[in-house]
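> I would like the atomic coordinates for the input below:
(2 chains)
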Number of protein chains: 2
Amino acid sequence: MKRKYIAATAQLGPIAKDEPRSSAVARMIALLREAHSQGSKLVVFPELALTTFFPRWFFEDEATIDGYFETEMPNADVKPLFDAAVELNIGFYLGYAELVWQDGVKHRFNTSILVDGTGQIVGKYRKIHLPGHKEYESWRPFQHLEKRYFEHGDLGFPVFDAFGGTAGMCLCNDRRWPETFRVLGLRGAELVMLGYNTPLHYPPAPEHDHLQDFHNHLCMQAGAYANGCWVIATAKAGREEDCDLIAGSCIIAPTGEIVARTQGVGDEVALAEIDLDRCKELRDNVFNFNLHREPGDYAPICEPKYK
Amino acid sequence: MKRKYIAATAQLGPIAKDEPRSSAVARMIALLREAHSQGSKLVVFPELALTTFFPRWFFEDEATIDGYFETEMPNADVKPLFDAAVELNIGFYLGYAELVWQDGVKHRFNTSILVDGTGQIVGKYRKIHLPGHKEYESWRPFQHLEKRYFEHGDLGFPVFDAFGGTAGMCLCNDRRWPETFRVLGLRGAELVMLGYNTPLHYPPAPEHDHLQDFHNHLCMQAGAYANGCWVIATAKAGREEDCDLIAGSCIIAPTGEIVARTQGVGDEVALAEIDLDRCKELRDNVFNFNLHREPGDYAPICEPKYK
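Numbers count the residues shown, from 1 in each chain, chains lettered A, B, ... in the order given. Predicted structure coming up:
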């Protein structure tokens, strides 16, 4: 694959609680076809793109919780998306809830995968920065129970030789932590893909609700700039089961500039030509890590916990 | 000192190569008085605020180089600034070139100090991220020889109990590195002060010249937001000896919002009320480091050098 090609963010509007995976997959296939028709070679879908954002509810029944998770990928519901990608020779990033059994123990992760134009899974990431809380909190208008339903990702921040260069992934809240982009940048990431489900209302600090779009773009533009990498970021957006989710899906150049973004809060693609060679404009100059970083002064960042 | 007070960025226009320190100090005293007349308790001056930005020239003569450095602080030239601060009971941040002898060896640093309203130096920082190059490069329209004239700062990123809370400092290029703000944030910084001299033209990547103001604000707004701290940042601005320096001095809230900024490229103050208690809006919630950071996954950031 060449290092210069058209890529797309493929935003999803809300997914209803009772909407089957087959419907979400059909919507994604429509976006995939639209992106392909405009020349795209790569499409980035949201976090947890197969179901509603279920961590907003408190469930105790294991079967109910497990019902939101995938135990294999692709499974029968998702296979049509893989098939369409192969038909069109187009790659994609997809976020979903992953259930795995290891040594007789059940593990649940908030996961994303990279799939190439031949339908092969070429990369997997499991979310590290899980936001929210673990127990039911009655004062909240809706829950954010990612710390309850997901384990801390056990794969670190890997990078993959994919889509013409070195690609990395993260998910939602990961983007707010500069360390995410920096670890990927140090590993050579030229392109970071991520999906997000971000409520407009943040119950612990509602005085910042009007800043959600600003904060969303600020942290990603800064991450792109400080590491000289492309960022493709995709929202699940709109009013989903009485919870408004921000939109603002975008493609960000290594300069930190937003070069494409969605305009609404529903299903929509936005495209831009990305040239991985542009990363050098930053990484060979102002952000030449070998010349200018000073890791001898960064020790507190890696200390086990903030004191 | 209370935790809510008016603070100022005090931008300087160009300082000519032959302009004496007494002139720069007189200009700073005028800005100090203006800020005080508007109720300010703290004023942030630029990096290397006593002379022209001398690293743009290649000098070999030791006496010429030393002539840009201060060997004590305050010295006779700078004493009037300290005296005015005491008279007005106002604190300040000041950047200057510092020459120290240790065990018979000469050391040169790019330094900043914090001075409280009684004229006491309550904090010192020596620049860690030195940009530019070490040898003369003939292809450049002007040099950027910080790596030649300054040693890497030997004080780390300290914080100080000052101005009503926990204060930290950095200088110019430090602001482009998320690690700077993060180390200060982990140490509890509620307010980060910095001065800068940033040429509008960046010879290694001139295709980004039009983005200098954007990049200046992007990295500082992201640093403020990701660490829930106030940032006061002050330029030496305008056309200094045929080199245009960006302006855009500003005060940034812990939300990342610019709440005050200068309007021109000359001597100018811009003020805002800062409330250190607002840091908690971030640090107790989305950026609660104890709850949400994952340092076990950050190891590459502290590895000795990028590989």
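> can we go C-alpha only for contacts and neighbour counts from here?
Noted.
> what helix or strand is the nearest residue to A:I15 once chain neighbours are set aside located in?
Spatial nearest neighbour of A:I15, chain neighbours left out: A:T52 (4.9 Å); criterion: C-alpha to C-alpha, 6 or more residues apart in numbering or on different chains. Under the criterion of DSSP states H and E, A:T52 resides outside all helices and strands.
> burial measure for A:T52, as a count.
As a burial measure, A:T52 scores 22 neighbours (other C-alpha atoms under 10 Å in any protein chain shown).
> which residues touch it?
Listed by C-alpha atoms under 8 Å, 6 or more residues apart in numbering or on different chains, the contact set of A:T52 reads A:14-17, A:19, A:240.
> and the strands in chain A?
Using DSSP state E, the strands of chain A run over A:4-11, A:40-44, A:91-102, A:105-115, A:121-126, A:159-162, A:165-171, A:191-196, A:230-235, A:238-240, A:243-245, A:250-252, A:258-261, A:268-275.
> figure out which of those strands is closest to B:D61.
Closest approach to B:D61 among the strands of chain A is made by strand A:230-235 (44.7 Å; C-alpha to C-alpha).
> partners of that closest one, with directions?
strand A:191-196 (parallel), strand A:250-252 (antiparallel) (DSSP bridges).
> quick one: average pLDDT of it?
In this model, strand A:230-235 carries a mean pLDDT of 98.
> next: stretch A:262-281.
In the prediction, stretch A:262-281 has an average pLDDT of 98.
> could you work out the end-to-end span of that stretch for me?
26 Å (C-alpha to C-alpha, to the nearest Å).
> buried stuff in it?
By 16 or more other C-alpha atoms under 10 Å in any protein chain shown, the buried positions in stretch A:262-281 come out as A:262, A:265-276, A:278-281.
> and for it, what's in contact with it?
Stretch A:262-281 has contacts (C-alpha under 8 Å, 6+ apart) with A:3-14, A:27, A:31, A:34-35, A:40, A:164-165, A:190-191, A:228-230, A:237-238, A:246-251, A:253-254, A:259-261, B:205.
> can you check which of the strands of chain A gets nearest to A:G153?
Here strand A:121-126 is closest among the strands of chain A (C-alpha to C-alpha), at 4.4 Å.
> and the contacts of that closest one?
A:109-116, A:152-160, A:162, A:169-170.
> try stretch A:283-293
Under C-alpha under 8 Å, 6+ apart, the answer for stretch A:283-293 is A:186, A:226-228, A:282, B:129-131, B:204-205, B:305-307.
> can you do 10 Å?
With contacts defined as C-alpha atoms under 10 Å, 6 or more residues apart in numbering or on different chains, stretch A:283-293 is touched by A:185-186, A:188, A:190, A:225-229, A:254, A:280-282, A:295, B:128-133, B:147, B:173-174, B:176-177, B:179, B:202-205, B:301, B:304-307.
> picking that back up, quick check on the contacts of stretch A:262-281: which are buried?
Neighbour counting by 16+ other C-alpha under 10 Å classes A:5-14, A:31, A:34-35, A:40, A:165, A:190-191, A:228-230, A:237-238, A:246-251, A:253-254, A:260-261 among those as buried.
> before we move on, back to that, for the strands of chain A, give me JSON lines that also has distance to B:P141.
Putting those into JSON lines (distance: least, C-alpha to C-alpha, whole Å) gives the following:
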{"stretch": "strand A:4-11", "distance to B:P141": "32"}
{"stretch": "strand A:40-44", "distance to B:P141": "41"}
{"stretch": "strand A:91-102", "distance to B:P141": "45"}
{"stretch": "strand A:105-115", "distance to B:P141": "45"}
{"stretch": "strand A:121-126", "distance to B:P141": "45"}
{"stretch": "strand A:159-162", "distance to B:P141": "39"}
{"stretch": "strand A:165-171", "distance to B:P141": "34"}
{"stretch": "strand A:191-196", "distance to B:P141": "33"}
{"stretch": "strand A:230-235", "distance to B:P141": "30"}
{"stretch": "strand A:238-240", "distance to B:P141": "51"}
{"stretch": "strand A:243-245", "distance to B:P141": "49"}
{"stretch": "strand A:250-252", "distance to B:P141": "31"}
{"stretch": "strand A:258-261", "distance to B:P141": "31"}
{"stretch": "strand A:268-275", "distance to B:P141": "29"}
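> neighbours of A:K236, how many?
Counted with other C-alpha under 10 Å, the neighbours of A:K236 add up to 32.
> check contacts around it.
Each residue near A:K236 by C-alpha under 10 Å, 6+ apart is listed here: A:10-15, A:45-49, A:52-53, A:195-199, A:245-249, A:265-267.
> what is it paired to in the beta sheet?
Beta bridges link A:K236 to A:L12 when assigned by DSSP bridges.
> any idea how far it is from B:V159?
40 Å.
> check A:E179 too.
21 Å.
> again with A:I258
35 Å.
> over to A:A270?
Distance of A:A270 to B:V159, given as C-alpha to C-alpha: 44 Å.
> how about the nearest residue to A:G228, chain neighbours excluded?
A:P254 (4.4 Å).
> could you do A:H107 as well?
A:V100 (5.2 Å).
> A:V265 versus A:L200, what's the distance?
For A:L200, the distance to A:V265 - C-alpha to C-alpha - is 12 Å.
> please apply the same query to A:A16.
As judged by C-alpha to C-alpha, A:A16 and A:V265 stand 15 Å apart.
> next: A:E151.
Distance from A:E151 to A:V265, counting by C-alpha to C-alpha: 30 Å.
> then A:A10?
With C-alpha to C-alpha as the criterion, A:A10 and A:V265 are 11 Å apart.
> again, but for A:L271
Computed as C-alpha to C-alpha, the A:L271 to A:V265 distance reads 16 Å.
> can you list residues touching both of A:A10 and A:V265?
Joint contacts of A:A10 and A:V265 (C-alpha under 10 Å, 6+ apart) are A:235-236, A:249.
> quick revisit: torsion angles phi and psi at the residue nearest to A:I15?
phi -60, psi 160 (degrees, to the nearest 10).
> so how far is chain B from A:T111?
Here A:T111 is placed at a distance of 16 Å from chain B (C-alpha to the nearest C-alpha, to the nearest Å).
> for that residue, give me its contacts.
A:47-48, A:94-99, A:124-128, A:150, A:153, A:169-171.
> derive a ChimeraX selection command for the buried subset of those residues.
Here is the ChimeraX command that selects the buried residues among the contacts of A:T111 (16+ other C-alpha under 10 Å):
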select /A:47,48,94,95,96,97,98,99,124,125,126,127,128,150,153,169,170,171
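> wait, A:M169 sits on A:L155?
No. With contact defined as C-alpha atoms under 10 Å, A:M169 and A:L155 do not form a contacting pair (11.3 Å).
> what touches both of these two?
With C-alpha under 10 Å, 6+ apart, A:M169 and A:L155 have common neighbours A:124-127.
> may I ask which two of those residues are separated the most?
Distance extremes for the shared contacts of A:M169 and A:L155: the farthest pair is A:K124 and A:K127 at 10.1 Å, using C-alpha to C-alpha.
> overlap in contacts of the two?
By C-alpha under 10 Å, 6+ apart, the residues touching both A:K124 and A:K127 are A:95, A:111-112, A:155, A:157, A:169-170.
> which among those gets closest to chain B?
Closest approach to chain B among these (C-alpha to the nearest C-alpha): A:F157, at 7.5 Å.
> phi and psi next, for that closest one.
Dihedral angles for A:F157 - degrees, to the nearest 10 - are phi -110, psi 80.
> get me the contact residues on the stretch 51-200 of chain A for chain B.
A:128-133, A:147, A:152-157, A:173-174, A:176-180, A:182-188 (C-alpha under 10 Å from any C-alpha of the partner chain).
> mind checking which of the residues you listed are buried?
For these, a neighbour count by 16+ other C-alpha under 10 Å gives the buried set as A:128-133, A:147, A:152-153, A:156-157, A:173-174, A:176-180, A:182-185, A:187-188.
> in helices only, show me those residues.
Judged by DSSP state H, these include A:147, A:178-180, A:182-185 as members of helices.
> please report the distance of A:H208 from chain B.
Taken as C-alpha to the nearest C-alpha, the span from A:H208 to chain B is 8 Å.
> just to check, that residue is in contact with B:T255?
Yes. Counting by C-alpha under 10 Å, A:H208 does reach B:T255; the two are 7.9 Å apart.
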